[in-house]
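S.K.: take a look and give me a structure for this.
(one chain, ligands or ions: 2)
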Amino acid sequence: MAKSKVSIKDFESKEGQLVKLDQSRFLPLPPPYDKLELEPKFNELAPEKKERLECDLDGVTAFKFPRPETEEEKQELVEKFLAGLQKLFQKENNWTFLQPLFLTMEYCVKCQTCASACPIFNESGQEEIYRPTFRSDIMRRLYKKYVKSGGKIFAKLSGNDINASWTMVARLMELCYRCTICRRCAQTCPIGADNGLVTRELRKIFSQEMGITVTPLHEKGSMQQLKVGSSTGMSTVAYLDNIEFLEEEVEERAGMKFKWPMDKEGADILLIHNAGEFLAWPENPEAFAIILEAAGINYTLSSEAIGYDSVNYGTWYDDMQFARVALRHVEVAKKLGVKKIVIAECGHAHKALTVIADRVLTGDFNIPRESSMTLLRDIIKSGRLKLDPSRNDDITVTLHDPCNMVRLMGIVQPQRDVLKAVCNNFREMTPHGVENYCCGGGSGFAITQDLNFPDWRQIVSGRAKLRQILDVFQDIIEPEHKKYVCAPCSNCKGAMRDMFAAYGLFDRCNILYGGLVELIVNAMPEIEEPFLEWDWR
Ligand code: SF4
Ligand code: SF4
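M.R.: Ligands and ions are numbered 1, 2, ... in the order given. Prediction:
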């Protein structure tokens, strides 16, 4: 396989599109997708779009950023970028992540252990620009030249000089959206350098200092959430209407008539769903409601703006947006006087509201937060639910480990304990647990639907996950066997929905994806009809 020869020097100076994606160089997939012609094709941007939009990295764009028309505009953008770079290394401007970023800049020993762990680099046939250290080395050179004292002289003497041109900055802007921040690389690094963090911190410069963001994350994500109450655009009124509708649906599907607890002061738990569930996969909040009702848990939902949407997209691109949403989540919980917040099936919301929020929530604001995985495990272990795992015997189940919840938080076993209690045909992917691969939609990719970015996600960033799914079911890949990928994360389900559709996985192989709670309810004998509906969604 011919290796890509692109260097940092090319990145900085070569004109035009730097890399042309060649699908024939990608790692081949297992049957029934073992021939290139059976895969979805990557679509080049139309010539008019190429001319108008910045896309000189690999012909893909996540930003739709118009090319600046004058040299002055370009210079202004470069200066803003360099000012933002300086701020990343000042403790008063980046107290949240300065230390790990600084260590990553200073101590990488260039051993390349991280490269073998990166799904994007490897699945793309080792495309050089996707190597974890390629992005970090550019940032390291910029840091050494433009941030450290005496940097310009050092850069010349070291032979690692770099020139912050607009060509380079524009490519870097796109390159920080070619990494899912899955942090597989950081996990394998012998000295703990974190190339995923470098991606995230670069995104911060573009957002916080230059106002350049990806629309689905910012305008349609964080801003809409702060303004309307949810990143889905669902207002409180629409949310309450939805809940009423879901109550009726639960009565119809499960024969259980009860009101879902709303704004109940002093409850033990405030349960927050990713609001996308209510619209795309309502069976998931329905299943939660059934389980918690049947187990007699004293919990509540909130109808306050942001209190019904656990999404926090700032996690992936902007500290300010992150803090605004995290503080609002806690304010809602404090107003209700609940003992803790439990995060439903959403991986990034887990990390946002627990690990990262720990850096901004201090004193009274630091109220307990827990994963729904441990809550569900505890409910099942307590024996409060009657379960018959044979009710799931017609399907073979595997488990996808969402990166944020598993690799980055260590929540590995609870969901496995649950699965073993509710289904007899469970098998693990290889690798799994903290070694597992990203769904391909991490860090906002699942919701980035503009232009040809979804093509790139389908064929590159989701490829390792697709391979794992095909591998784990290879002996029963024919459509007569029903197969279920349990993905306890809204974002991962979104990525899988698009990937499964692009490859025709449901029609061709009878593989469906879905959450964890649906399997629990499907195993509850008091619910007569199967809860799990075997149709595409
Ligand atoms: S980031 Fe870590 S694993 Fe990667 S090259 Fe540097 S030291 Fe090696
Ligand atoms: S965070 Fe994941 S996608 Fe990004 S460079 Fe590391 S291994 Fe690759």
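
S.K.: okay, the strand or helix carrying Lys156 in CSV with CA atoms only?
M.R.: For Lys156, the host element (DSSP states H and E) is helix 151-158. Extracted as CSV, the C-alpha positions of helix 151-158 are listed here (Å, rounded to 0.1, in the frame of the first residue of the first chain):
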residue,chain,number,x,y,z
GLY,A,151,10.8,30.9,20.1
LYS,A,152,11.5,32.5,16.7
ILE,A,153,15.2,32.1,17.1
PHE,A,154,14.8,28.5,18.4
ALA,A,155,12.5,27.6,15.5
LYS,A,156,15.2,28.7,12.9
LEU,A,157,18.0,26.8,14.7
SER,A,158,16.0,23.6,15.4
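
S.K.: list the buried ones in that helix?
M.R.: Burial within helix 151-158, assessed by neighbour count using 16 or more other CB atoms under 10 Å, is assigned to Gly151, Ala155. Quick note: C-beta positions are derived from backbone N, CA and C, even for glycine.

S.K.: tell me which residues are up against that helix.
M.R.: Arg141, Lys144, Lys145, Tyr146, Lys148, Asp161, Ile162 (CB atoms under 8 Å, 6 or more residues apart in numbering).

S.K.: tell me the secondary structure at Val397.
M.R.: Recorded secondary structure, Val397: strand (DSSP: H, G, I helix; E, B strand; the rest coil).

S.K.: residues near it, how many?
M.R.: Using other CB atoms under 10 Å, Val397 is surrounded by 20 other residues.

S.K.: check Leu270 too.
M.R.: There are 28 residues near Leu270, going by other CB under 10 Å.

S.K.: check contacts around Glu529.
M.R.: Arg253, Ala254 are the contacts of Glu529 under CB under 8 Å, 6+ apart.

S.K.: at 10 Å what do you get?
M.R.: Glu529 makes contact with Glu252, Arg253, Ala254, Gly255, Asn522, according to CB atoms under 10 Å, 6 or more residues apart in numbering.

S.K.: among these, the buried ones, what's the ChimeraX command?
M.R.: Entered in ChimeraX, the line below selects the buried ones among these, by 16+ other CB under 10 Å:
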select :253,254,522
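
S.K.: got the contacts of Glu529 as JSON lines, with distance to ligand 1 and pLDDT columns?
M.R.: Below are these laid out as JSON lines (distance: CB to the nearest ligand atom, whole Å; pLDDT from 0 to 100):
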{"residue": "Glu252", "distance to ligand 1": "54", "pLDDT": "95"}
{"residue": "Arg253", "distance to ligand 1": "49", "pLDDT": "93"}
{"residue": "Ala254", "distance to ligand 1": "50", "pLDDT": "95"}
{"residue": "Gly255", "distance to ligand 1": "55", "pLDDT": "95"}
{"residue": "Asn522", "distance to ligand 1": "43", "pLDDT": "98"}
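
S.K.: ligand 2: which of the contacts of Glu529 is nearest?
M.R.: Asn522 (33.2 Å; CB to the nearest ligand atom).

S.K.: give me the number of residues near the closest residue to Ile306 other than its chain neighbours?
M.R.: In space, and not counting its chain neighbours, Ile306 is closest to Arg328: 4.3 Å by CB to CB, 6 or more residues apart in numbering. Using other CB under 10 Å, Arg328 has 19 other residues around it.

S.K.: Arg328 touches Ser310, doesn't it?
M.R.: No - using CB atoms under 10 Å, Arg328 is not in contact with Ser310, being 11.1 Å away.

S.K.: Cys403 contacts Ser461, doesn't it?
M.R.: No - using CB under 10 Å, Cys403 makes no contact with Ser461, being 11.8 Å away.

S.K.: if we ignore the residues flanking it in sequence, what's nearest the residue nearest to the spatial centre of the chain?
M.R.: Taking CA atoms, centre = their mean, the centroid of the chain lies closest to Gly442, which sits 2.6 Å from it. Residue nearest to Gly442 in three dimensions, not counting chain neighbours: Thr180, with 3.4 Å by CB to CB, 6+ apart.

S.K.: before we move on, which element is that neighbour in?
M.R.: Counting by DSSP H and E, there is no helix or strand that carries Thr180.
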